[in-house]
Structures are given as C-alpha cells and as structure tokens.
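[1] quick one, fold the following:
(one chain, ligands or ions: 1)
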Amino acid sequence: MKADATPRRNLFHFTRLPRPLVDRAGGIYLWDSTGRRYIDGSSSAVNVNIGHGNRVVIDAMKRQMDRVSFAYPIHFENEPANDLASKLAARLPEGLERIYFVSGGSEAVEAAIKLARQWAVATGQEKRWKVIGRMPSYHGITMGALEPTGDDVLTKVFEPMSRPMPLIPAPFVHRDRDNLSLEERGLKYADMLDAKIIEEGADSVLAFIMEPIGGAATAALVPPDSYFSRIREICDRHGILLIHDEVMTGVGRTGKFLGGDHWNCRPDIVVLSKGLSSGYAPLGAIAAPERIVGPVIDMGGFLHGHTYGGNPVSCAAGLAVLQEIDRLHLIDNAVAMGEMLKGELEKLSQRFPFVADVRGKGLLLGAEIYADPIAKTPLPREVNANVRLIDLAFERGLIVYSRRVRGGPESDNFMVCPPLIVSRAEIAEIMAILSDTLEALAGELGLPVNR
Ligand code: PLP
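    Just a heads-up that it's a prediction; the model follows:
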C-alpha cells in the first residue's frame, strides 16, 4: 500500500499528542507556523545554550560545508575536529586531554562506558564490568546508556534484554529527617557507594557514573560539598573509574565550564553533548587521560565508532559555539542571570507555597511541587501536575521542563533553564508567565496561593 502523503501521517513521535509546526527561531524565542511566539525557558532540551539563530555559528557551519561536509574518520582527520579537541582539552580539568567525538549524549555515555571497560581489559582487570549509577538519574535513551540510568518508567520494559546495573540513591538530602548537618548527609550518601561496591564485590566494579548537578531526573539537584571529595576518595580506594556525565551541566550551563568545576572535581572520564554544539548540529564528546586511552589504543584500538563521529560540520559548530561563549561572556552571564532567576523563583515559592526546594547553579535551576511542602508529600500521581504545568505554560507561550520524579521519593518537579544569553528583561517576562501559569495550576488543583 502506498504511504499517505498527508503531513504528519507518516512521521511518528513519542505520543499521539499533536505539536505546533515550528517556523523560525531567534535569541530565546521560537515561532510556530501560525506566528505564535514561545519563550524557550528550557533552552529546548537544556541544550540551546547560546540561543537560537546565532549568525557566527551559522556562518562558520556554512563555510565548513563549502569546504568539506563529510569525511570519514577512518580515512581522514579534519581541522575542526582537531581544533575543537585542543580547545576543549585546554578548558577541562588537568589530564583530560584525549577527546573522542560522537553525535549526542547517549552515544557519548556509551562511548565512556566502553572505553572504561576496554581500559580494564587492557590493564589486566578483566573481572571489572559493573557501572554503578544512581536512582533517580538520566544518562540517555539507548540500551547501553539506560543500563546505569535510574528511571523505572524508561528501563523496566527493556530489562529482559539488557543488563541493569547496580544503583545507589541520589543525594536528596533536603528530604532527610535526621539530626545530621548537610555536610554529614553528603558523606552519608557518598558512603552508600562504598557499601554498594563492597556488596557487589569491589573487583567486579568498573566505574561509577553521576551527573555532578542533577538534570531532568532530579531537577538540578545539588549535592552537599562533602559528597564530591568522598566519592573521589571511594573510587580511588577501590580502583574504580569516576565518570562525570556533564551532558546537561557542561559547557557553561551552571556558571562554570563544567558542573564539577564548582568543586574542582577530578573525574577520570567526562561526557559532554548538548551545549557543546548548542543545538546547531548533533555533537557529543568524551574526554579521558592518556593513561586510559593509551592502553586501549595499544591493545588493538577503541572498539567503537559512528559514521558521523567527529563530523566536520558539527565540530565547526562546536568551535564557533565556544568562541561565542567567550565573546559574549556567557559563563559570567549564566552566573549573574542565574542569581537573579533563582531569587525570583524563591519569591515565587513564597507566593505559591506548593513550590519548594528551589535549587541549582547558574542557569540550571529547578524546584519541586508538593501537596505539602513541609511534610514533602507529593501530589497524587493521577493529577499529573508536571504535565499540566508544561501545558499551561505552553498555552501562555512559555516552554519549561517538568517531570514526575521516577524512583526514589516521588514528587513533581520543574526546571527553568533559559539560554545563557538571557537578559534581565527576558527573565522578568519568563517570571510573569510562570507566575500566571502557577496561578492557573493552583486554581485547577485547589492549591493555596498567598496573596
Ligand atoms: N546524559 C544526561 C545527563 C542528559 O541530560 C541526557 C539528555 O537529556 C543524556 C545523557 C542523553 O543525551 P541525548 O538525548 O543527546 O542522547
């Protein structure tokens, strides 16, 4: 039978939910084909860090396409990939000087895990294969990236076909009811890694993977300072690799180049994507030291590679994005605007007491929605507060990220993460719509508002 040529009949997406047709974008705004304007309050998928329609990036990509759009890494090296690798290495923690490019975040997570495993085999540690993750967490949607991801909704159905990895609780310290200080709680959660490694058998554990500051799964959850150094110490003690998934937090989003830079972290492998090309082209990367990469290459080569890995046009986009981040001082802007936005979100939680636990760094900010914020009681699952929040905001021309926490203590949360170019006036515009959205949500769900 012939395919139906009606628009949208053949393309399928996550659900049957229709979405407007996008027409154009510029700065922090997108327009649909009817001319409606939307503020990109989530930088799309928390990736369009430098905003839409940046001419410098578009022109750099065009110039690269005029020279060579594609050359296969097995046949040729290309200049943008070489240059981008050098520029990245110069900004990463010391020693993370070997860079490998892929096309996205899930691919990069899998590349990191495979590099770690091959390193273990190359260095006589063949028994090491388990990659411990956290619950909840998100490391990507492909089968390999799902294995250390803590999200039952995404992983359960594929379990018979995969090898789920051990998980430890994410450090939701703000929910704990104990007499410990914040820093003591940080150590308590880090020590859960130690206990898990011992339970699994230390010589079977290959790596621990974590988002230094949480992404979609935990809405910008920031662990206490003590967490980071204790995690490093535990990994060192057991000889396991520490992988930082900086797909969302990397490249300036949190007000430092890496999320882990807030604590001077020394991960063994860093995973990047999203902001690296800021949505202008598919791009992801891993960075690792020569002591890990060298033995793998010498053993016969990294058993990994995608057709589009290190694509010259994607890498040209990445190079221009880094230039724009510097030229426009976007990391400084993320700090300044992040402070303002966080302050505004805190004010919002005074007005709407069901919004609580505002958190995050730079322009990776989030909060939770509770039935009772003191007792941390979640709203019933059936009211779908996270979906309603997205829809009510979208109807008002604002895009936000919202999610039901899956695994661990339940709640609905949301993130406000505009592009790093955002101005004070644009933040005021975002907050006005968000406030109107929460007013509507409160009305629908019978939640209290302080007037
Ligand atoms: N890791 C983290 C922390 C992410 O936030 C994401 C995407 O949201 C991924 C991995 C997967 O990236 P991608 O969607 O590009 O495959």
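[2] can you tell me which residues in this protein are near the ligand?
    45, 104-106, 109, 138-141, 211, 215-216, 245, 247-248, 273 (C-beta under 6 Å from any ligand atom). Just so you know, the C-beta spots here come from the backbone N, C-alpha and C atoms, and that holds for glycine as well.
[3] could you redo the last one with a cut-off of 8 Å?
    Residues of the chain found near the ligand (C-beta under 8 Å from any ligand atom) are 45-47, 104-109, 137-142, 145, 211, 215-216, 245-249, 271, 273-274, 282, 284.
[4] which of those are buried?
    46-47, 104-109, 137-140, 145, 211, 215-216, 245-249, 271, 273-274, 282, 284 (16 or more other C-beta atoms under 10 Å).
[5] buried stuff in the strand or helix carrying K196?
    Assigned by DSSP states H and E, K196 belongs to helix 182-200. By 16+ other C-beta under 10 Å, the buried positions in helix 182-200 come out as R185, G186, L187, K188, Y189, A190, M192, L193, D194, K196, I197.
[6] from A217, how far off is the residue lying closest to R396 once chain neighbours are set aside?
    Closest residue in space to R396, ignoring its immediate chain neighbours: I433 at 4.9 Å, by C-beta to C-beta, 6 or more residues apart in numbering. Applying C-beta to C-beta, to the nearest Å, the value for I433 to A217 is 25 Å.
[7] more crowded one of those two?
    Taking other C-beta atoms under 10 Å, I433 and A217 do not tie; A217 has more neighbours (24 against 18).
[8] can you classify that one by secondary structure?
    coil (DSSP: H, G, I helix; E, B strand; the rest coil).
[9] you'd agree it is up against R403?
    Yes - look at A217 against R403 with C-beta atoms under 8 Å: they come within range, at 7.3 Å.
[10] so which residues of the stretch 251-400 of the chain form helices?
    Listed in chain order, the helices found in the stretch 251-400 of the chain under DSSP state H, counting those that start in this stretch are 290-298, 312-327, 330-351, 385-395.
[11] next, format the ones you listed as a markdown table and append mean pLDDT, mean neighbour count and distance to D236.
    Below are the helices of the stretch 251-400 of the chain laid out as a markdown table (pLDDT from 0 to 100; neighbours: other C-beta atoms under 10 Å; distance: least, C-beta to C-beta, whole Å):
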| stretch | mean pLDDT | mean neighbour count | distance to D236 |
| --- | --- | --- | --- |
| helix 290-298 | 98 | 16 | 14 |
| helix 312-327 | 98 | 23 | 31 |
| helix 330-351 | 98 | 18 | 29 |
| helix 385-395 | 95 | 19 | 38 |
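[12] got a markdown table for those, with distance to I427 too?
    As requested, these are arranged in a markdown table below (distance: least, C-beta to C-beta, whole Å):
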| stretch | distance to I427 |
| --- | --- |
| helix 290-298 | 41 |
| helix 312-327 | 19 |
| helix 330-351 | 5 |
| helix 385-395 | 15 |
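[13] ok, which of those helices comes nearest I132?
    Of all the helices of the stretch 251-400 of the chain, helix 290-298 sits nearest to I132, with 17.9 Å by C-beta to C-beta.
[14] contacts for that closest one?
    Helix 290-298 is contacted from outside by 95, 97-98, 100, 115-116, 118-119, 122-123, 241, 268-269, 302, using C-beta atoms under 8 Å, 6 or more residues apart in numbering.
[15] how far off centre is that helix?
    Centre-to-centre, helix 290-298 and its host chain are 27 Å apart (C-alpha atoms, centre = their mean, to the nearest Å).
[16] which residues touch the residue of the stretch 251-400 of the chain found nearest the ligand?
    Closest contact between the stretch 251-400 of the chain and the ligand, by C-beta to the nearest ligand atom, is at S273 (4.9 Å). Taking C-beta under 8 Å, 6+ apart as the contact definition, S273 lies against N47, V102, G104, G105, A108, V247, G250, L283, G284, A285.
[17] those residues into JSON lines, with extra columns for pLDDT?
    Shown next, in JSON lines, are the contacts of S273 (pLDDT from 0 to 100):
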{"residue": "N47", "pLDDT": "98"}
{"residue": "V102", "pLDDT": "98"}
{"residue": "G104", "pLDDT": "98"}
{"residue": "G105", "pLDDT": "98"}
{"residue": "A108", "pLDDT": "98"}
{"residue": "V247", "pLDDT": "98"}
{"residue": "G250", "pLDDT": "98"}
{"residue": "L283", "pLDDT": "98"}
{"residue": "G284", "pLDDT": "98"}
{"residue": "A285", "pLDDT": "98"}
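[18] what secondary structure does R134 sit in?
    strand.
[19] what domains does the record give for the chain?
    7-53+329-445, 56-327 (automatic domain parsing).
[20] just the pLDDT for the residue of the stretch 251-400 of the chain closest to the ligand.
    On pLDDT, S273 comes in at 98.
[21] kindly report the same for E200.
    Reading off the model, E200 has pLDDT 98.
[22] correct me if wrong, but N413 is in a strand.
    Yes - counting by three-state DSSP, N413 is found in a strand.
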